[in-house]
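Enquirer: Sharing a model that was predicted from the sequence below.
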Amino acid sequence: MFTLSKKLLLISLLTLSHMVVRGQFSLNGQIRTRTEYRDGLGNLPAIGSKPAAFTSQRTRLIFGYKWDRVTFNTSVQDVRVWGQDAATINNADGSRLMVHEANAEVVLANVADTTIKFKAIQNLSLKIGRQELVYDDVRLLGNLDWLQQARRFDVAMLKAQHLGWLVDIGGGFNQNSDAFGVSGTFYTPGNVPASVLSNKNVSLGIPSGFIPTSGKGGAPVLATPLSTNGQNQQFKSFQMIYLTRKFKQTKFSGLFFKDDFSKYIIDSVGNATQGYVYGRRYNQTGVNSRLTYGLMLNNQFGNASSLLGKVQSQAWFYAQSGKDRDGLTIKNAYHYGAFFMIQKGNFSFGPGYEVLSGNNTISPTAGQTSKFDPLYGTPHKHWGYMDYFYVGTGSAAGGLKDGYLKGKYIYKIFTFSLDAHSFALEKSMPNKLDSNKPLDKKLGTEIDFLLNFNLNKFTNIELGYSHMKGSNSLEYSKAATWDKTQKNANWAYLMLNIRPDFFYTKPVAIKQ
């Protein structure tokens, strides 16, 4: 005998299976573990320091639903390091479970839908909620998927397609709280620690609206400035327009991105007895607005089996103006480059060169900066796998020149990649030993090796090794020290990526 609850469960399962067959639901997962050996990742290792090793893990559950004019997507993830939590934890330990994405897209116009009377635009939709921003080669806007926690934004995005043109217009407005009694729109842009050691080695609580920028002794936490890629400071608001069109084998894209940063004053918390913690207090009216704009061209001709092979090229130019997050006037900040890739059969290779402007710190102009900040992209993909530039470890104030050669070979289920980078400063920096002479611009050479293969439909294994041959210029421009680090840095990792599709049905061979 079926009970009522069993009947309801059966009906629900039958209904769900019917909807799944029609392709309205999707359910995917991910387990990604990465075991790393670090001896100089991000910064040259200090002399006498010991290598580090650990395993981190990302776990995701991704649910999607599509029906007529609505697409719904939610991605929940948990990120942690193996052993970071005890085998049994208590409630005080907190949780790292978080919502990575939660958004819906509503179709406002579609020429193929006879029930929609608006026909002025072939396709128009509104995507709203927490979502990834992935544009072009993720140089300026990307999901930063290499990091286990990745990146996402709270956004409203209007997406239009018409006669081959694609236009995205979007924006976001951030606030700390919706609590009663909160007045104004002051925004503290960061994940602020609850307490910090003062200059007298006393732990002091951090009040609301205050971000510490110095620790014990009042010394700066970082000698080099962070880009917005690596900062803990989120913008107050942003507005963007992205336009793209493909003409035969050439793709053109343009980007205008404006991000606004809350203004602050330099302040401190503490007292003469316990000491002080120095930082920024975000209680000022108005914002500092930064403008980033530019163009990118992608082109290809030929094919992999032709005499010359398949040739792909990419060129771009971006500039910045306005005010940076610290209120400095941005002048002559730019980022340009070009890259070529020739594919012949299973082998592809090609050179590239790019420049990100920096500050002339030998003769700086007060109140100005020329340092280009590559927004919210994926630096790991572009400026070496060892993450020395434009990430959370800071980047040289003198900017960056990067000449590189990339090669790849595919053999059945295996992919072998080998990249070589030669890094140098774009602008002069003062010399530690002689202030009358500029610092040698050569920073170092990095070699990145990657082996990738698919174990099955849902499982990928990746093995990587990188070596950085650095210089005193790299050490000084990153850490403000001289001859205090080893000049050879190494990094290796093994990554297992399992991404099951829970509704996938393996085809069954029919016997004849």
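Expert: Happy to help now that I have it.

Enquirer: So for the helix or strand where residue 254 lies, what gets flagged as buried?
Expert: Assessed by DSSP states H and E, residue 254 sits inside strand 250-262. By 16 or more other Cβ atoms under 10 Å, the buried positions in strand 250-262 come out as 251, 253, 255, 257, 258, 259, 260, 261, 262. C-betas here are computed from N, CA, C, even on glycine.

Enquirer: just stretch 345-356 next, same as before
Expert: So for stretch 345-356, counting by 16+ other Cβ under 10 Å, buried means 348, 349, 350, 352, 354, 355, 356.

Enquirer: so who does the closest residue in space to the second one that isn't next to it in sequence touch?
Expert: Ranked by Cβ to Cβ, 6 or more residues apart in numbering and with sequence neighbours excluded, the top spatial neighbour of residue 349 is residue 407, at 4.1 Å. Shown in contact with residue 407 (Cβ atoms under 8 Å, 6 or more residues apart in numbering): 347, 348, 349, 417, 418, 419.

Enquirer: Let me know the closest of these to residue 64.
Expert: The closest of the contacts of residue 407 to residue 64 turns out to be residue 417 (Cβ to Cβ; 31.1 Å).

Enquirer: Any idea what the closest one is bridged to?
Expert: Note on residue 417: beta-bridge partners by DSSP bridges are residue 408, residue 450.

Enquirer: that older thread, partner strands of the strand holding residue 254, with direction?
Expert: Its sheet considered, strand 250-262 pairs with strand 237-247 (antiparallel), strand 287-301 (antiparallel) by DSSP bridges.

Enquirer: Could you export it as CSV, keeping only the C-alpha atoms?
Expert: Output of strand 250-262 as CSV, limited to C-alpha atoms (Å, rounded to 0.1, in the frame of the first residue of the first chain):
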residue,chain,number,x,y,z
THR,A,250,37.8,39.6,-37.4
LYS,A,251,36.2,40.3,-34.0
PHE,A,252,36.1,43.9,-32.8
SER,A,253,35.3,44.7,-29.1
GLY,A,254,35.2,48.0,-27.2
LEU,A,255,34.9,48.5,-23.4
PHE,A,256,34.0,51.5,-21.3
PHE,A,257,34.2,50.8,-17.5
LYS,A,258,33.7,53.4,-14.7
ASP,A,259,34.3,52.4,-11.1
ASP,A,260,33.7,54.7,-8.2
PHE,A,261,35.6,54.4,-4.9
SER,A,262,34.5,55.8,-1.6
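
Enquirer: Against residue 404, how distant is residue 302?
Expert: Going from residue 302 to residue 404 by Cβ to Cβ, to the nearest Å gives 23 Å.

Enquirer: ok, now residue 25?
Expert: For residue 25, the distance to residue 404 equals 43 Å [Cβ to Cβ].

Enquirer: Taking the buried residues of strand 250-262, tell me the two that lie furthest apart.
Expert: Pairwise distances among the buried residues of strand 250-262 were taken by Cβ to Cβ; the largest, 36.3 Å, belongs to 251 and 262.

Enquirer: Next, the buried residues of stretch 135-150.
Expert: In terms of neighbour count (16+ other Cβ under 10 Å), stretch 135-150 has its buried residues at 135-148, 150.

Enquirer: Could you do stretch 320-339 as well?
Expert: 320, 323, 324, 325, 328, 330, 333, 334, 335, 336, 337, 339.

Enquirer: again, but for stretch 354-367
Expert: Neighbour count says stretch 354-367 has 354, 355, 356, 357, 358, 359, 360, 361, 362 buried, by 16+ other Cβ under 10 Å.

Enquirer: Kindly report the same for stretch 116-123.
Expert: Residues of stretch 116-123 classed as buried by neighbour count (16+ other Cβ under 10 Å): 121, 123.

Enquirer: got the end-to-end distance for it?
Expert: 11 Å (Cα to Cα, to the nearest Å).

Enquirer: Now it: average pLDDT?
Expert: Computed over stretch 116-123, the mean pLDDT rounds to 80.

Enquirer: just stretch 155-169 next, same as before
Expert: For stretch 155-169, mean pLDDT rounds to 95.

Enquirer: same deal with stretch 128-138?
Expert: 95.

Enquirer: Can you give the contact residues for that stretch?
Expert: Stretch 128-138 is contacted by residues 73, 99-106, 141-144, 150-157, 242, 253, 255, 296, 314, 376-378, 381-382 when judged by Cβ under 8 Å, 6+ apart.

Enquirer: from those residues, which would you call buried?
Expert: Those of these that meet the buried threshold are 73, 100-103, 105, 141-144, 150-153, 155, 157, 242, 253, 255, 296, 314, 376-378, 382, by 16+ other Cβ under 10 Å.

Enquirer: Among the residues you listed, which ones are in helices?
Expert: residue 382 (DSSP state H).

Enquirer: got any ranges where the chain has weak pLDDT?
Expert: Counting by pLDDT under 70, the chain shows low-confidence ranges at 1-23, 86-98, 102, 214-233, 435, 509-512.

Enquirer: Using the three-state scheme, assign residue 119.
Expert: With DSSP: H, G, I helix; E, B strand; the rest coil as the basis, residue 119 sits in coil.

Enquirer: try the one 5 residues further on
Expert: Here residue 124 is strand, with the state taken from three-state DSSP.

Enquirer: Near it, how many residues? Count them for me, please.
Expert: 19 (other Cβ atoms under 10 Å).

Enquirer: where does the closest residue in space to it that isn't next to it in sequence fall, phi/psi-wise?
Expert: Distance criterion Cβ to Cβ, 6+ apart; nearest residue to residue 124, sequence neighbours excluded, is residue 109 at 3.9 Å. Backbone torsions of residue 109, given as degrees, to the nearest 10, read phi -150, psi 140.

Enquirer: Quick one: residues contacting residue 418.
Expert: Listed by Cβ under 8 Å, 6+ apart, the contact set of residue 418 reads 406, 407, 408, 447, 448, 449, 450.
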